[in-house]
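# The following comprises the amino acid sequence and a computationally predicted model.
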Amino acid sequence: MDPIPVFDPALTPPLIRGPAALAQRAFAGMAAAELQACIARRTATLEDTAAFALDAATLWQLRFAADAAAALRAQALGAAPLYRVAGGAGLRLLAVMAPGDLMANTPLDFITAHLPVRLDLLFVRPGDALPARLPEHDVAFFAAADADAALLHRLAPLHARWPRPALNDPLRVLRLRREMLALALRRVPGLLCPPIRRMARQAALPAEIAPPLLLRPAGSHAGEGLVFAGDAGEAASLLAAMTADEVYVSAFIDYRGSDGLYRKYRIAVIDGAPFLVHMAVSEHWMVHYLNAGMASSAAKRDEEAAAMAGFDTGFARRHADALAAITEWAGLDYFQIDCAELADGRLLLFEADVAGIVHMMDPADLYPYKPPQMRRIIAAFGAMLERAAAGRD
């Protein structure tokens, strides 16, 4: 069991720009050379070099060069496990992190960049001891997502014994695994969790899940590797082409509206309260906000604006019982849900996780309704931190 480090108010970790600041610039169209220049710094010490490498890893990931990003990240975390995101001041937040890419943890700095919060990041690598000292802090947030069960089991006793208020129990994060959600919530009135099984890629398809069905590599998110199989033969061919050792098999539910379009809602649950992060409208069943054509369709944006304006009195009220059941099962201070509405009035749950991004990067001239909604979500997150800090002995 890991010992609790000493909390040192004088300890100052090496500064990084952080994913949010770099993503904001990349999203705004900054060229690669300019992005590289914005993280340039003196590398007189090992910690300076590590901080540069960690920001450079983020840049490579934003440029979809995963191997280069992973190599730089390993270099950085091998030299120093602790960093501070530049520019923050106020409530002192320590994030306990997994050593992975941008989907491996709750992306806190996209939120705290807009709050009076100083954010420190502690990366816990398998086989590495925790640092003997950590910066003093008001709240700890256990940010690791569910991809590494062994790390979550390691972090759980730390969460239970942490001497400062600690949010997001790692054992509860494990409850968000797709197969656990489907099993736990299968009988909730007004909620449909499609049957899903995790299996070895070479195993026979489960008899209880009839085609059409969906296949995806275990541990993947954001639709990576997700494919549709209309029959058993197509499923067998798709499985043979996959490289993952384990896959998820789930029933495909046709959730098209009467107009033939698919609508996916992303909801952040903060201290038990739901907030609409976005609503994407697409012609394709695999809906991602960035490829749904929202930027090119005023009608889709108008629909999303109306969904945000009416969420509390409409969607959230219609599905209050289903959302409450998901929230109770999760038992987390903060997580997100991807879902849709079915024609029969039920809520269709796709997944729940802690790695979704709440951000302020969308251009306000194109999405004038988004900044007020994002500020509302960010303010709710800040209020949660303040309440947690107020509970400190």
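Nice, thanks for sending it over.
# Only C-alpha atoms from now on, for both contacts and neighbour counts.
Will do.
# Just the buried residues of whichever strand or helix holds residue 324, please?
Using DSSP states H and E, residue 324 falls within helix 320-330. For helix 320-330, burial by neighbour count (16 or more other CA atoms under 10 Å) applies to 322-327, 329-330.
# Return the member of those residues nearest to residue 383.
residue 327 (18.5 Å; CA to CA).
# Spatially, and excluding backbone neighbours, which residue is closest to the closest one.
Distances taken as CA to CA, 6 or more residues apart in numbering place residue 272 nearest to residue 327, at 6.4 Å, with adjacent residues excluded.
# mind listing what that neighbour touches?
324, 327, 333-334 (CA atoms under 8 Å, 6 or more residues apart in numbering).
# From the centre of this structure outward, give me the first residue you hit.
The centroid of the chain falls nearest to residue 355 when counting by CA atoms, centre = their mean (1.0 Å).
# sorry, back to before: roughly how far does the residue nearest to residue 327 sit from residue 336?
Going from residue 272 to residue 336 by CA to CA, to the nearest Å gives 11 Å.
# Give the burial count for the closest residue to residue 19 other than its chain neighbours, as a bare number.
The shortest distance from residue 19 to any non-neighbouring residue, by CA to CA, 6+ apart, is to residue 58 (6.1 Å). Neighbour count of residue 58, defined by other CA atoms under 10 Å: 26.
# where's residue 306, which helix or strand?
In the assignment (DSSP H and E), residue 306 maps to helix 298-309.
# buried set for the very next helix or strand once past that helix?
Following helix 298-309 in sequence order, the next helix or strand is helix 315-318 (DSSP H and E). Neighbour counts using 16+ other CA under 10 Å place 315-316, 318 of helix 315-318 among the buried residues.
# next one: stretch 254-268
Result for stretch 254-268 [16+ other CA under 10 Å]: buried residues 255-256, 262-268.
# Widest-spaced pair of the residues you listed?
It's 256 and 268 that sit farthest apart of those, by CA to CA, at 22.9 Å.
# Next, work out how far apart residue 335 and residue 151 are.
Distance from residue 335 to residue 151, by CA to CA: 18 Å.
# With neighbour numbers in mind, choose between the two.
A direct count of neighbours by other CA under 10 Å for residue 335 and residue 151 places residue 335 higher, at 24 against 19.
# And for the more buried one, nearest residue in space, chain neighbours not counted?
In space, residue 335 is closest to residue 354, 4.6 Å off (CA to CA, 6+ apart).
# Tell me who's in contact with the one you found.
Residue 354 neighbours (CA under 8 Å, 6+ apart): 105-106, 143, 145, 173, 334-336.
# List the contacts of the helix holding residue 324.
Here helix 320-330 has contacts from 172-173, 175-176, 184-185, 188-191, 269, 272, 274, 316, 347, using CA under 8 Å, 6+ apart.
# export it as PDB, just CAs?
The C-alpha trace of helix 320-330 is given here as PDB (Å, rounded to 0.1, in the frame of the first residue of the first chain):
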ATOM      1  CA  ALA A 320     -35.200  12.400 -14.400                       C
ATOM      2  CA  ASP A 321     -35.600   8.900 -13.000                       C
ATOM      3  CA  ALA A 322     -33.300   7.300 -15.500                       C
ATOM      4  CA  LEU A 323     -30.600   9.900 -15.000                       C
ATOM      5  CA  ALA A 324     -31.000   9.500 -11.200                       C
ATOM      6  CA  ALA A 325     -30.500   5.800 -11.500                       C
ATOM      7  CA  ILE A 326     -27.300   6.200 -13.500                       C
ATOM      8  CA  THR A 327     -26.000   8.800 -11.100                       C
ATOM      9  CA  GLU A 328     -26.700   6.600  -8.100                       C
ATOM     10  CA  TRP A 329     -25.000   3.600  -9.600                       C
ATOM     11  CA  ALA A 330     -21.900   5.700 -10.600                       C
END
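# Averaged pLDDT, stretch 117-135. What do you get?
If you average the pLDDT over stretch 117-135, you get 96.
# same check, this time on stretch 240-259
For stretch 240-259, the per-residue pLDDT averages 88.
# So which bits of that stretch are buried?
242, 246-253, 255-256.
# what separates it from the chain centre, distance-wise?
20 Å (CA atoms, centre = their mean, to the nearest Å).
# Number the residues from 56 up from this point.
Done: numbering now begins at 56, and the last item shifts to stretch 295-314.
# Show me the chain divided up by domain.
Following automatic domain parsing, one finds the domains of the chain at 61-223, 250-306, 317-408.
# Can you get me the start-to-end distance on the first one?
Distance between the two ends of domain 61-223: 21 Å, counting by CA to CA.
# any chance you could map the strands in the stretch 256-405 of the chain?
268-272, 282-284, 301-306, 317-325, 328-337, 389-396, 402-408 (DSSP state E, counting those that start in this stretch).
# is it possible to export the buried residues of stretch 309-323 to TSV including distance to residue 193?
As requested, the buried residues of stretch 309-323 are exported to TSV (distance: CA to CA, whole Å):
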residue	distance to residue 193
310	44
311	46
317	43
318	39
319	36
320	33
321	29
322	27
323	23
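# Tell me the one among the residues you listed nearest to residue 71.
residue 323 (26.7 Å).
# How about that closest one: what's its closest non-neighbour residue?
Leaving aside its sequence neighbours, residue 323 sits nearest to residue 391 (CA to CA, 6+ apart; 4.3 Å).
# circling back: assign the residue nearest to the centre of the chain to helix, strand or coil.
Using DSSP: H, G, I helix; E, B strand; the rest coil, the structure places residue 410 in coil.
# Could I get the phi/psi values of it?
phi -110, psi 0 (degrees, to the nearest 10).
# I'd like the distance between the residue lying closest to it once chain neighbours are set aside and residue 125.
With sequence-adjacent residues excluded and distances taken as CA to CA, 6+ apart, residue 410 is closest to residue 161, at 4.3 Å. Residue 161 sits 18 Å away from residue 125, going by CA to CA.
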